[in-house]
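Asks: This is a predicted model, with the sequence first.
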Amino acid sequence: RNHLLSLVEAAEARRDLIEDGILNFVVVGGGPTGVEVAGAIAELVRQVLDKDFHNLELSATRVILVERADAVLSAFDPSLREYTARTLTHMGVEVRFDTAVSRIASDHVVFADGSTLPTRLVVWAAGIRAGEVAENLDVSRGPGGRITVDPDLQIPGHPGAYAIGDIADIDDGSGGRLPQLAQVAIQGGQFAAQQIRRSLAGEPTSAFHYKDKGIMATIGRKAAVAQLAGGTKLKGFIA
């Protein structure tokens, strides 16, 4: 936020910097983090800074959300994805689907198709890699460098060693992988502790089964989406 404010102040002092893209703010990744950050930046510009910088035409500001898939919030129901995209657009966010970033420089981003966009602020929200410790172990790894685990969350070939949370690559039971969410880490930690106690008691371990308690994402003030465990879908103020 402080960096964004410094860019706006620089644009007010030197209007020629606007043509150089100093007011282009790029968010990479259309998951819950990217959606919330893009919405927060748009609201900061339109509802706060517009009142503070009277000598600067903030309509020149661009908030660009870049998503390599064809929709935001891929884990949500299509109706909630569409609502989110419409709401972001209404808030002034430019949503670019089917667009990937191949490189980030100090004053621009380069897209996979070779095109560029001048900017001095890029927020990376397109996913994370596992911690460096995973790369230093002689183990099988999955997406994002995560350690692939057995159904009981133990690391194959290393009895008694468990991987949980964001560093673990866990099968969701239907061919996919469990998401890197707090609930997966919490339930996985509790489960691993139970398995260690079972092993110490001479009992066999069991398979981990994740209980989905629902997912939510904030878009902006009085705007959010929620998909509850029972199938209930909420959007807008109530969400």
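Replies: Arrived safely.
Asks: Can you name the residues that contact the residue lying closest to residue 205 once chain neighbours are set aside?
Replies: Excluding the flanking residues, the one nearest residue 205 by CB to CB, 6 or more residues apart in numbering is residue 152, at 4.0 Å. Heads up, the C-betas are built off the backbone N, CA and C, glycines and all. Each residue near residue 152 by CB atoms under 8 Å, 6 or more residues apart in numbering is listed here: 195, 205, 206, 207, 208.
Asks: where along this structure do the helices fall?
Replies: 2-13, 16-19, 32-43, 50-52, 78-90, 132-135, 182-200 (DSSP state H).
Asks: Out of these, which one sits most buried?
Replies: Greatest average neighbour count among those goes to helix 32-43 (a mean of 23), per mean count of other CB atoms under 10 Å.
Asks: Now do that one, average pLDDT.
Replies: Averaged across helix 32-43, the pLDDT comes to 97.
Asks: for that helix, the distance to its chain's centre please.
Replies: 10 Å (CA atoms, centre = their mean, to the nearest Å).
Asks: what helices or strands is that helix leaning on?
Replies: strand 24-28, strand 62-66, helix 78-90, strand 93-96, strand 121-124, strand 214-220 (3 or more CB pairs under 8 Å, 6 or more residues apart in numbering; DSSP states H and E).
Asks: Could I get the contacting residues of residue 63?
Replies: Counting by CB under 8 Å, 6+ apart, residue 63 has contacts 25, 27, 38, 41, 42, 45, 92, 93, 94.
Asks: Please tell me how far the nearest residue to residue 70 once chain neighbours are set aside sits from residue 14.
Replies: Once flanking residues are discounted, residue 70 sits nearest to residue 97: 5.1 Å by CB to CB, 6+ apart. Counting by CB to CB, to the nearest Å, the separation of residue 97 from residue 14 is 34 Å.
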